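K.L.:
Whatever this is, show me its structure:
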Amino acid sequence: MGILFGTDGIRGLANKYPINCEIALQTGRAIGFFTKENGYSSVIIGKDTRISGDMLESALAAGVASTGMDVLLAGIIPTPGVAYLCSIAQNVGAGIVISASHNPYQDNGIKIFKHGGEKLSDKQENKIEDYILNQKNVPQGNVGKIAVISDSLNQYADFLLTKFPFGKLNTRLKLIVDCSNGAASKISHIVFNDKLFDTQFIFDSPDGKNINQACGSQHTKKLQKRVCREKADLGLAFDGDADRLIAVDENGNVITGDRILAICAKFAKQKGDLHPNTVVSTIMSNIGLDEMLDNHGIQHIKSNVGDRKVLEQMKKSGAVIGGEDSGHIIFLDSHTTGDGLLCALKLIEVMLETKKTLSSLAAVMTVYPQVLKNIDVPEFLPDLLKKKLIADTIKEVECKLEGKGRVLIRYSGTQPLLRVMVEGPDQDLIDRYCDIICDSIKAAIKKEL
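P.N.:
All right, here's what the predicted structure looks like:
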């Protein structure tokens, strides 16, 4: 990670450094120059529903146009929608998404896609960051035009629906769709329309401040209750920019990314479409996914956290399915990035073709108890986990788990947090172990500062 870029672009509190107008303007100029340098003539900008989106869009667009690049405004659109538009337009050299994903409305962020629809590599991010921080290196040119893409959502929806096998639509599933008051709010009505499904939509009325507010992929309780009350077949929960999906089965149980991966991997293998018999997840994936894939003779590769890291491993291995437990699922034979709406359609396809309920499909994988706690850290302390108190505590817990669990500690790539994860066969036990580790870390931080 650089000074500005984390694991998923630039992110922070809106209207404060680095998510302010000044940095947005400089970022726009840097991306414009990067695009021009690579021989393209325009940049697409999309956003979610946060109140700060318009402000940042204006600054970014001005920056891009100041380098002579044309700007195409896609409006409110899911992150993977911008990736798709980047993949089909020959003259588009980059796509910018203004979103902070599942974070509250006060936050915002800037994600960047290159021509073809993939996120930037570390090297490319570093180059753009250098442009941003050293603006004297960004030459001025002619002024570009700013225009609106009036049919951006319809283009993206048409693409999604080409991936759905209408011939297998042998029953009209009842769906409850939680749009998180975010970027999925409008397009979900197009994709999950009444001609295909019996659909009820919730949290689809964004006001700029209610995105992810007690709804969406991070807050599924209301969706779970609604699924049970309405006797629905399936609940779908998206995050603010709709690049991730969390599902709810007909009994109101949450189905997270690991089990969605397991379901889709098994289905793909049965159809002969799992090439090359490999699935990519992250180091945070549940032990149960390891067991399930091993039981079905599927190779399992683990990447670092972040859908960009998952994609890197997928491209190296040739895998067509990969993702994170958070709900970022990539179907590389269909799209270049994690896509919540596409994932929902793929999951529905499995249900229709197998004629099974989601709960029966999800039974393919046993989910081991897992606890994840966040510790506020005032600054990045690279040697923190090497401190004797912490190292000894971790070693002691790992010994007590006796190979039937694990401990994983990592810094967040998007927030000033240290994440502590403990996994094992007994929930009460791992809760206690996690508290012990967290206490040792807090004590070490207090001593360090």
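
K.L.:
Am I right that residue 409 is in a helix?
P.N.:
No - looking at residue 409 with DSSP: H, G, I helix; E, B strand; the rest coil, it is strand, so not inside a helix.

K.L.:
Would you mind measuring from the closest residue to it other than its chain neighbours to residue 250?
P.N.:
Spatial nearest neighbour of residue 409, chain neighbours left out: residue 420 (5.3 Å); criterion: Cβ to Cβ, 6 or more residues apart in numbering. For glycine as for every other residue, the C-beta is placed from the backbone atoms N, C-alpha and C. Remark: distance between residue 420 and residue 250 (Cβ to Cβ, to the nearest Å) = 34 Å.

K.L.:
Look at these two and report which has more neighbours.
P.N.:
A count of neighbours by other Cβ atoms under 10 Å puts residue 420 above the other of residue 420 and residue 250, at 21 against 17.

K.L.:
That one bridge partners, please.
P.N.:
Assessed by DSSP bridges, residue 420 has beta-bridge partners residue 373, residue 409.

K.L.:
Give me the distance between it and residue 412.
P.N.:
Per Cβ to Cβ, residue 420 is found 11 Å from residue 412.

K.L.:
can you list residues touching both of the two?
P.N.:
Common contact partners of residue 420 and residue 412 (Cβ atoms under 8 Å, 6 or more residues apart in numbering): residue 374.

K.L.:
check contacts around the residue of the chain most remote from its centre.
P.N.:
What lies farthest from the middle of the chain is residue 142; by Cα atoms, centre = their mean that is 35.9 Å. In this structure, residue 142 makes contact with residue 68, judged by Cβ under 8 Å, 6+ apart.

K.L.:
how about it, secondary structure?
P.N.:
Here residue 142 is recorded as coil under three-state DSSP.

K.L.:
What's the separation between it and residue 36?
P.N.:
Taking Cβ to Cβ as the measure, residue 142 falls 10 Å from residue 36.

K.L.:
okay, and the common contacts of these two?
P.N.:
With Cβ under 8 Å, 6+ apart, residue 142 and residue 36 have common neighbours residue 68.

K.L.:
mind checking pLDDT for residue 445?
P.N.:
On pLDDT, residue 445 comes in at 84.

K.L.:
my guess is residue 79 contacts residue 46, does it?
P.N.:
Yes - the pair residue 79 / residue 46 is scored as a contact, 7.4 Å apart, by Cβ atoms under 8 Å.

K.L.:
Now do the shared contacts for the two.
P.N.:
97, 183.

K.L.:
quick check: domain ranges of the chain?
P.N.:
Domain assignment for the chain by automatic domain parsing gives 10-150, 164-367, 370-448.

K.L.:
Centre of the chain to the longest one, how far?
P.N.:
Okay, so that is domain 164-367. Centroid separation for domain 164-367 versus its chain: 12 Å, with Cα atoms, centre = their mean, to the nearest Å.

K.L.:
First-to-last residue distance for it?
P.N.:
In domain 164-367, first residue to last residue: 29 Å (Cα to Cα, to the nearest Å).

K.L.:
With stretch 216-225 instead?
P.N.:
End-to-end span of stretch 216-225 (Cα to Cα): 14 Å.

K.L.:
In stretch 105-125, which residues are buried?
P.N.:
105, 107-115, 117-120, 125 (16 or more other Cβ atoms under 10 Å).

K.L.:
can you dump the C-alpha coordinates of it into PDB?
P.N.:
Output of stretch 105-125 as PDB, limited to C-alpha atoms (Å, rounded to 0.1, in the frame of the first residue of the first chain):
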ATOM      1  CA  TYR A 105     -22.400   7.500   4.300                       C
ATOM      2  CA  GLN A 106     -19.900   9.900   6.000                       C
ATOM      3  CA  ASP A 107     -17.100   8.000   4.300                       C
ATOM      4  CA  ASN A 108     -16.300   7.900   0.600                       C
ATOM      5  CA  GLY A 109     -13.600   6.600  -1.700                       C
ATOM      6  CA  ILE A 110     -12.100   6.500  -5.100                       C
ATOM      7  CA  LYS A 111     -11.600   3.200  -7.000                       C
ATOM      8  CA  ILE A 112     -10.000   3.000 -10.400                       C
ATOM      9  CA  PHE A 113     -10.400   0.500 -13.200                       C
ATOM     10  CA  LYS A 114      -8.200   0.400 -16.300                       C
ATOM     11  CA  HIS A 115      -9.200  -0.200 -19.900                       C
ATOM     12  CA  GLY A 116     -10.600  -3.800 -20.100                       C
ATOM     13  CA  GLY A 117     -12.400  -3.500 -16.700                       C
ATOM     14  CA  GLU A 118      -9.800  -4.700 -14.300                       C
ATOM     15  CA  LYS A 119      -8.600  -2.800 -11.200                       C
ATOM     16  CA  LEU A 120      -5.200  -1.200 -11.300                       C
ATOM     17  CA  SER A 121      -2.100  -3.200 -10.400                       C
ATOM     18  CA  ASP A 122       0.100  -2.100  -7.500                       C
ATOM     19  CA  LYS A 123       2.600  -0.700  -9.900                       C
ATOM     20  CA  GLN A 124      -0.100   1.400 -11.700                       C
ATOM     21  CA  GLU A 125      -1.500   2.600  -8.400                       C
END
